[in-house]
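Asker: Give me a 3D structure for the following:
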Amino acid sequence: MAFNLTPRNINNSGQELAGAALGDLITQLAESVAEGQARLDLSSAQVLQELAETRVAVVPRIQQTVSESGDVSYEQSPPVEVSLLELGVLPTFFAFSEATVEVAMDLKVVEEVDTSGTVKSKPLLYAATKALQTQRKLNRNVEISTKMKVKLTPVPPPSRLNVALDVINQTESTTTAEAGEETNG
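Answerer: Model (predicted):
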């Protein structure tokens with residue numbers, strides 16, 4: 001199943017339906033949460049790409065020397081360009097840990113019947129809000145409310161994103177090897 005992750009026009013509200021099968025409403029909620037999760041994941045992947053492409057100059061080493069007279073001097077190695085990702089900056093990944101939607105609606109059992117009176121489908125639970133909207137228009141005291149609550153939780157980045165950094169300091173190993181040769185020779 002592919003997601004249509006193109007931006008939506010929020011001004012285009014579409015056509016309001018008088019009702020729908022409750023199972024379809026629940027399925028649409030689940031698909032909306034899945035689409036939202038896919039958008040979150042793609043957003044984190046885009047940030048990851050930006051971090052990998054953004055390069056900054058970093059001075060990898062600064063040597064501080066204190067002379068016998070107490071004077072302090074500093075010497076720094078030349079700057080090296082690295083990506084923000086190489087510096088260890090990682091995007092935050094989020095996951096929906098909870099999604100709740102509460103809607104006031106009428107529920108009724110509906111079955112499809114053809115013109116001869118034969119039942120064409122099994123009974124279906126049908127949700128509608130039209131009667132509640134009519135009661136609201138007539139200023140009857142009816143509580144109609146919709147409530148949506150979504151909880152996002154930060155999650156660790158994918159395990160393959162945590163790359164081990166191996167540092168090989170050839171200057172120290174060469175110095176150690178040369179020192180070892182001198183003592184042996």
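
Asker: make it CA atoms for all contacts and neighbour counts henceforth
Answerer: OK.

Asker: what helix or strand does residue 102 sit in?
Answerer: strand 93-103 (DSSP states H and E).

Asker: quick one: strands adjacent to that strand?
Answerer: If you go by DSSP bridges, strand 93-103 pairs up with strand 146-155 (antiparallel).

Asker: Surely residue 111 and residue 117 touch.
Answerer: No: using C-alpha atoms under 8 Å, residue 111 makes no contact with residue 117, being 11.1 Å away.

Asker: Among those two, which residue is more densely surrounded?
Answerer: The neighbour comparison of residue 111 against residue 117 (other C-alpha atoms under 10 Å) goes to residue 111, with 13 against 8.

Asker: Helices of this structure, residue ranges please.
Answerer: All helices of the chain, identified by DSSP state H, fall at 22-53, 130-137, 170-184.

Asker: How about the contacts made by residue 47?
Answerer: By C-alpha atoms under 8 Å, 6 or more residues apart in numbering, the residues touching residue 47 are residue 91.

Asker: how about low-confidence regions in this protein?
Answerer: Scanning the chain for pLDDT under 70 picks out the ranges 1-18, 103-107, 126, 128-148, 161-165, 172-185.

Asker: rerun at 90
Answerer: 1-37, 60-61, 70, 88, 90, 92-185 (pLDDT under 90).

Asker: Can I get stretch 51-71 in CSV? Just the C-alpha atoms.
Answerer: Extracted in CSV, the C-alpha atoms of stretch 51-71 (Å, rounded to 0.1, in the frame of the first residue of the first chain):
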residue,chain,number,x,y,z
LEU,A,51,22.9,16.9,8.4
ALA,A,52,25.0,14.7,6.1
GLU,A,53,25.3,17.4,3.5
THR,A,54,26.0,20.4,5.8
ARG,A,55,29.7,20.7,6.3
VAL,A,56,31.5,22.8,9.0
ALA,A,57,35.1,23.6,9.7
VAL,A,58,36.3,22.0,13.0
VAL,A,59,39.7,22.3,14.7
PRO,A,60,40.4,18.7,15.7
ARG,A,61,43.2,19.5,18.1
ILE,A,62,44.5,22.4,20.3
GLN,A,63,47.7,22.0,22.2
GLN,A,64,48.2,24.1,25.3
THR,A,65,51.8,24.6,26.4
VAL,A,66,52.7,26.1,29.8
SER,A,67,56.4,27.2,29.8
GLU,A,68,58.7,27.0,32.8
SER,A,69,58.1,30.7,33.4
GLY,A,70,54.3,30.2,33.5
ASP,A,71,53.5,31.6,30.1
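
Asker: Okay, buried residues for it please.
Answerer: Neighbour-count burial for stretch 51-71 flags 51-52, 55 (criterion: 16 or more other C-alpha atoms under 10 Å).
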